[in-house]
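Visitor: just to be clear, the model below is a prediction. Sequence and coordinates:
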Amino acid sequence: MMGSENLDSEEAHMYASREEMENLVLDEPSNNNNGTKSFSDYRSAMSSLADTHHPLSSPMAEPADSDPLLTPPPFRDFRNPNVATDNSSYIEPPSYSDVIFSPFDENAVNEINGVDSPGRSSDSSGFLSKSTSSSSDYVKITVSNPQKEQETSNSLVPGGNTYVTYLITTRTNIPGHNGSEFSVRRRFKDVVTLSDRLAESYRGFFIPPRPDKNVVESQVMQKQEFVEQRRVALEKYLRRLAGHPVIRKSDELKVFLQVQGKLPLPTSTDVASRMLDGAVKLPKQLFGESVAVAPHEVVQPAKGGRDLLRIFKELKQSMANDWGGSKPPVVEEDKEFLKKKERMHDLEQQLSNASQQAESLVKAQQDMGETMGELGLAFIKLTKFENEEAIFNSQRARAADMKNVATAAVKASRFYRELNAQTVKHLDTLHEYLGLMLSVHGAFSDRSSALLTVQTLISELSSLHLRAEKLEAASSKIFGGDRSRIRKIEELKETIRVTEDAKHVATGEYERIKENNRNELERLGRERRADFLNMLKGFVLNQVECVWIDIRPSLVVVSAYRVGISWVTIKARTAVVIESQEAVRFAEVEEQLIPFQLESHYTRKEAEMLEADFKNLQIGVRHDVEGVEKEHMLTKQDEVLVAGVRGMRWDAVELPFQFRENLDGHCNALWRYAARYYIYEGDMPFYEEDR
Amino acid sequence: MEQQRSSSGSSHSPRSSSSQPYLSISVTDPVKLGNGVQAYISYRVITKKIEILQFDVCGIVLADKFSRNQGPEKIVIRRYSDFVWLRDRLFEKYKGVFIPPLPEKSTVEKFRFSAEFIELRRQALDIFVNRIASHHELQQSEDLRTFLQADEETMERLRSQETGIFKKKPADLMQIFKEMQTRVSDVVLGKEKPVEESNPEYEKLKNYIFELENHLSEAQKHAYRLVKRHRELGQSLSDFGKAAKLLGACEGHALGKAFSDLGTKSEVLSVRLQKEAHQLLMNFEEPLKDYVRAVQSIKATIAERANAFRHQCELAETIKLKEINLDKLMLTRSDKVGEAELEYKELKAESEEATRRFENIVRVMNEEIVRFQDQKTQDMGIAFHQFAQGQSRLANNIADAWRSLLPKLEACLS
């Protein structure tokens, strides 16, 4: 059980970390990210390079050597290892409500997903985080309520500079956050900054790709539509970030999600400042004042105007790698990695292929649905027309059946549409992974650029060593000599030392990236497996389910059809018997009945004749129906449609008998009808009880 | 069609029975003959005469196919233009009868010899001949007998005699010329329209036929597109299956297995879809198309009726004129009275003939429309039934296939 001091310390930790956070944010806003901090203290940065969330790591943080990637870090472990085995931890403050609700919620959703509603999968927190949702810590991010705002500062064109901010609400139970629910307003630029910062700080990780800037679309598209689209994209992106086991704990994300007001992340990636940065350093480098690369900088890839000389050097190195034939001192030695890289490449190919096919599949399904709908509509029209214009009754009889088919077709089209929406949702996983492949590429190129840096530094080092040796040899020859030479040697040695340091840092960075790559590959593999399996299952379930809904109306139609056709067949076969003869007789009788009804002055004799007519009719019908019965029993024909009782539903077979029964009833009624007139005349009393 | 009430007794069986010859015709074995532009498809037309024994039991007719007498089989080789010949002949001779339609000529050379087109045509020709053979009037026709029995050379001779406008009989040419003349004079004299029958019921019928054609052809168009969609869906499903298989090969292990299972199932389903598309084409789209053609043939009959009516009216007009003329001559006691009288009588006879012909057409058409509706209702019913059945079968298959995949995935997931 939890000791109270544990609780206290935890809360203390919470507060501490929050305080730290606030301090970090408010007091030294320019200093709160990994990069700048490590600039100021290179050694400490070195020691904490492995620890990816350094600035927030309190004394209670995990040791640097425990790999946060290999063991997906449930926060309980993080706080207190005992809790992991203890179920009562669920009812432990401060995240009581969240913990109690979230897993169940999640499970419930998953269960529904699994059983009958694949459509709700989007409700669970982000697509790619599904596999991690089993652990009890979670981050739920919603992006909502886009708002238009005016650019306040230095807008050249007044009124032309509006931007949209989005309300980003986070619910979480990961400690280190400012409470369990908070929200901030952010604009798209902030998201760009976040992603740039993440890309710099987490080299070698597969960071989910940021939504595109869509400069063209923002001009072309309807404003509202565009904003909504971007909102959805942002939400997806942030959820995916939160789903990433390392990035979800990153300071950048925390700050982004929590800190009110302007985003305090320094926009060091701003092109202007970078140019300025590089420009300041450029003269120095050009004058050869310091040939060595500042050690802290090698952890960053050479890009932009930051370090032109380094770019030149690295370019030379890569040229040498490609053309010189001289084997670079450090090569990609990790065979397994190469193999994996190859596989990733393959995978990407196949993914893009599959996603393309999925797209065309979806398209085909949609077309199918549409055509089915159109066909259904055409049928409905045809049916309506037949019904209205019908000259013969047989047309009407069939029209009802056709209408059924038509409605079924329209319904089927609707189901196709639903099915399609679901399919899109499921196969979207393919697209997402295709997108993720981009970041995998990014991570790999991080790795190769780090490798290049290492190679450059090593070759530079060797050339420096060579120069130092030469100088030393020369100075030893002169003996005792030259001060300037000695000074040069000293300088050279200093440079060598610095470069050596830089090399160490670079190698460390390279190793780190390598490690990150490896871990990320593993994680990706794991998550992909789960996600893909989920996708497949969803897709398959979906097909089964929707198809089943689809089939039901048609089945009904089929059976209705059978009846219809059987009836027509019977009618055709007994046409003379039932339809014509009896109908004619019926009509005759009814014709006789009209004056009968009107006048009701029939003599007894006439009434008797009428009665006889009815009786004849009844007997005739009974006779004919018996004939049909016999026909059923006697005929054995091969064609289903005309084959007696074969292939028919029993109600269809029953129909003629039904007909007879009805007619019997009818006749009895008529009889009584006739009898009434006897009663009128007063001399047929025994019919009275029949009445 | 298989049974007719017969009351004549016979010693054939203890019950009264009668035998009714019944032609069972099948068009089979399409074979491509000749090559290049001259190439054509020939069909084997097999005729069997079947005697159906009918029993009349207490006023109920029973047809028993078991005790049928298999007549001798007659096999002839026919090509499409022979069928056209038969139809033209029937159309000429049986005015007012809705002659069953022929499948249309293939307009696109590329598809002329595709297996699907040939099969569709074979089926349509089969239906065509059988419809003629089961029609109570048409089945008596001499031309049908010729078509079914004459050897190939005779057929060829007949065919080459009859085709083309220039080989028509002179009387026909005269008729055409006359029609042209009246049409021209109508236009010149400013007559609004040629004389038309203005019987509300007939108008209604005409309207109905025209509308029906529109509706049917629309439905047929959509049905055809549905067939195409089935094919496309099948194609993309199979592509998707292939892609999934490749992806599976990339993944390996259980996941790879799952993917390749999915791929295999997709491919299987794709084959199903293709099959279903074929079924749909044969059993649903084709009957619809058939009825579009049938309606067109009815329209031809309507045109014939209009022609006959016009002819009759014209003759009536001429007679009136002649009568006036005759009266005048009678008054003037001209010598020409006898001649004119003769002419008048001839005309009168001709007019009566025309009237009779028109009335015959009307009568036949009235019978025919009933038959057509019955037939249409039944055929449409079957087509729709096939459609619904096919769709539900397909849906069932798809559902089954996917469902069979579920346990594997479950196993994979857990």
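Guide: Now that the structure is in, tell me what you want to look at. Numbers count the residues shown, from 1 in each chain, chains lettered A, B, ... in the order given.

Visitor: leaving out chain neighbours, which residue sits closest to residue 360?
Guide: Because you didn't say which chain, this covers chain A. Leaving aside its chain neighbours, residue A:360 sits nearest to residue B:236 (4.5 Å; criterion: C-beta to C-beta, 6 or more residues apart in numbering or on different chains). Any C-beta I mention is one placed from the backbone N, CA and C, and that applies to glycine too.

Visitor: looking at chain B here, not the other one
Guide: residue B:96 (6.4 Å).

Visitor: these two touch, right, the one you found and residue B:301?
Guide: Yes: judged on C-beta atoms under 8 Å, residue B:96 makes contact with residue B:301 at a distance of 6.3 Å.

Visitor: quick one: pLDDT of the residue nearest to residue B:360?
Guide: Note on residue B:96: pLDDT of 76.

Visitor: count the neighbours of residue A:342 for me.
Guide: Each residue near residue A:342 was counted by other C-beta atoms under 10 Å in any protein chain shown, and the total is 10.

Visitor: that one and residue A:506: what is the separation?
Guide: Using C-beta to C-beta, to the nearest Å, residue A:342 is found at 26 Å from residue A:506.

Visitor: tell me which helix or strand the residue nearest to residue A:360 sits in.
Guide: Assigned by DSSP states H and E, residue B:236 belongs to helix B:200-251.

Visitor: quick check: what element follows that helix along the chain?
Guide: helix B:253-280.

Visitor: helix B:200-251 and that following helix, what's the angle between them?
Guide: Counting by axes from the mean of the first three to the mean of the last three C-alpha atoms, to 10 degrees, helix B:253-280 lies at 160 degrees to helix B:200-251.

Visitor: average model confidence for helix B:253-280?
Guide: Rounded mean pLDDT across helix B:253-280 is 83.

Visitor: that one and chain A, are they touching?
Guide: Yes: with C-beta under 8 Å from any C-beta of the partner chain as the measure, helix B:253-280 is seen reaching chain A through B:255, B:258-259, B:262.

Visitor: what helices or strands is that helix leaning on?
Guide: Packing partners of helix B:253-280 (3 or more C-beta pairs under 8 Å, 6 or more residues apart in numbering or on different chains; DSSP states H and E): helix A:483-573, helix B:200-251, helix B:337-413.

Visitor: coming back round to it: any common contacting residues for residue B:96 and residue B:301?
Guide: B:361, B:365, B:368 (C-beta atoms under 8 Å, 6 or more residues apart in numbering or on different chains).

Visitor: burial check on the last one, number of neighbours?
Guide: Translated: residue B:368. 21.

Visitor: wait, a strand at residue A:140?
Guide: Yes: assessed with DSSP: H, G, I helix; E, B strand; the rest coil, residue A:140 lies in a strand.

Visitor: my guess is it contacts residue A:168. True?
Guide: No: counting by C-beta under 8 Å, residue A:140 sits too far from residue A:168 to count as a contact (11.2 Å).

Visitor: the more surrounded of these two?
Guide: Under the neighbour definition other C-beta under 10 Å, residue A:140 and residue A:168 were set side by side, and residue A:168 has more, 23 against 20.

Visitor: just say helix, strand or coil for the more buried one.
Guide: Per three-state DSSP, residue A:168 ends up strand.

Visitor: in the sheet, who's paired with it?
Guide: residue A:143, residue A:184 (DSSP bridges).

Visitor: so it touches residue A:238, yeah?
Guide: Yes: with contact defined as C-beta under 8 Å, residue A:168 counts as touching residue A:238 (6.8 Å).

Visitor: buried stuff in stretch A:497-504?
Guide: Within stretch A:497-504, the residues scored as buried using 16 or more other C-beta atoms under 10 Å in any protein chain shown are A:498-503.
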